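> Just a sequence and a predicted model for now, questions to come.
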Amino acid sequence: MPVMIKPYLAALALALAARTAAAQDFDYYLLALSWTPSFCAAEGDARASRQCDPGRGLGFTLHGLWPQYEEGWPEFCDSAARDPSRRETAAMADIMGDAGLAWYQWKKHGRCSGLSARDYFDRARLAYALLALPEPGGSAATAAEVEAAFLAANPDLSPEAVIVTCRGDLLREVRICLDRDLAPRPCGPDVLNDACRDRGPLDLPPPR
């Protein structure tokens, strides 16, 4: 994780820390990063997702910030918090690729955080911003090589805190486990079971 934090990120972290008492019970967060070109090849193009529009040049984008239990996870929770406005979801498109994804992530995961939509999106943006995102080189790499690139770029991460997932021969996601203060922590066994560490070279379609 970068040693220096931009002033606005430091201020955001302090503001969010002051509101964590309202958070719903869960144990940690899972930060999911999609390799956008793989998503587009597998399903995004068929959905006509804006994330896949030519010329956007998207690589690793934020899929979501998911509350987790030590085993399992909550989803589609009841919440008294109001849903985000179109403006709030649209504001997440720069790191998520599509406002529709931001809305869905709030509905499925954000409502389980105990945070307001604004605070949930702010926390997700902060978690994303605190990571150095290496761009995989070439058109193929093993899951272990992608994982090693993240560990090298973020010295605070440990092998127990990061996994790579795949679908078929495609690199799909890098998933990073964070405590409720967004510091790296070991992933639960169910998260580790999704890793594809022993796979051979994966296809890494280039950004468009």
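Noted; the coordinates are in hand. Numbering: from 1, shown residues only.
> Between the two ends of stretch 33-47, how far is it?
End-to-end distance for stretch 33-47, by Cα to Cα, to the nearest Å: 19 Å.
> Give me the three-state assignment for the spatially most central residue of the chain.
Averaging the C-alpha coordinates of the chain gives a centre point, and the residue nearest to it by Cα atoms, centre = their mean is residue 32 (2.8 Å). Assigned state for residue 32: strand (three-state reduction, DSSP: H, G, I helix; E, B strand; the rest coil).
> That one contacts residue 177, correct?
No - if you go by Cβ atoms under 8 Å, residue 32 and residue 177 don't touch, sitting 10.5 Å apart. Bear in mind the C-beta positions are built from the backbone N, C-alpha and C, glycine included.
> Next up, the contacts around residue 91.
Contacts of residue 91 were listed using Cβ atoms under 8 Å, 6 or more residues apart in numbering, and they are residue 121.
> phi, psi of it?
Torsion angles at residue 91 (phi, psi; degrees, to the nearest 10) stand at phi -70, psi -20.
> List the buried residues of stretch 58-77.
Going by neighbour count (16 or more other Cβ atoms under 10 Å), the buried part of stretch 58-77 is 58-68, 73-74, 77.
> Between all of those, which two are at the greatest distance?
Of all pairs drawn from the buried residues of stretch 58-77, the one with the longest distance (Cβ to Cβ) is 59 and 77, at 31.0 Å.
> separation between residue 185 and residue 156?
For residue 185, the distance to residue 156 equals 11 Å [Cβ to Cβ, to the nearest Å].
> out of the two, which sits in the more crowded spot?
Higher neighbour count among residue 185 and residue 156: residue 185, with 18 against 13, using other Cβ atoms under 10 Å.
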